[in-house]
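> the following block contains a protein sequence and its predicted model.
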Amino acid sequence: MKKLWTKYKGLIFPILILIGIINTIWFFTKNDISQEDFFNKAVSDSYNESYDGIVKRKFYLKEGGRNVFILEKNGITMQLDYVYENPNLYEFIKVGDTLIKRNGTNSVIIKRSELDTTIYLKFENLKGAELYSEKNEHLNN
């Protein structure tokens, strides 16, 4: 065995390195998710969620880099993460606003009691949204 090892020593190490490189490439290609697929999944999750409540608190959670709202309705609180939304929307929403989001839509209703105003954010009306919805496999379940 020792004779065999010394004879093929120069060949075994390159083969092991090649096997390691192939396994590494295979692992990353198998577990890689494209940015488009990641975004499509986020849109699908948002489309299928529902919430309704008054914003009692809002804060930035450094862990994960998330903008967080604490909503309350009828004594029940829930945490709402605005991970994928524009930070300007997070800044626009104030403590005391009521947020309403229904399942099966990407629209959000903001009721601002201090101004006696209702704001409808209808993301379905954006240019190209209909074409995007047709092509997004997560929205066509």
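Perfect, I can see it now.
> use CA for all of it now, contacts and neighbours both
Fine.
> so what's the most centrally placed residue in the chain closest to, chain neighbours aside?
The structure's the chain has its C-alpha centroid closest to Ala42; by C-alpha atoms, centre = their mean the separation is 4.1 Å. In space, and not counting its chain neighbours, Ala42 is closest to Tyr84: 7.5 Å by C-alpha to C-alpha, 6 or more residues apart in numbering.
> and for Lys111?
Closest residue to Lys111 apart from its sequence neighbours, by C-alpha to C-alpha, 6+ apart: Thr118 at 4.4 Å.
> ok, how many other residues are close to the one you found?
Neighbour count of Thr118, defined by other C-alpha atoms under 10 Å: 13.
> could you look up the SS state of it?
strand (DSSP: H, G, I helix; E, B strand; the rest coil).
> surely it meets Val108?
No - assessed by C-alpha atoms under 8 Å, Thr118 is found out of contact with Val108, at 10.4 Å.
> so which residues of this protein form strands?
Ranges of strands in the chain, per DSSP state E, are 51-61, 66-73, 76-82, 98-101, 108-112, 117-121.
> closest one to Ile21 among these?
For Ile21, the closest of the strands of the chain is strand 66-73, at 35.6 Å, according to C-alpha to C-alpha.
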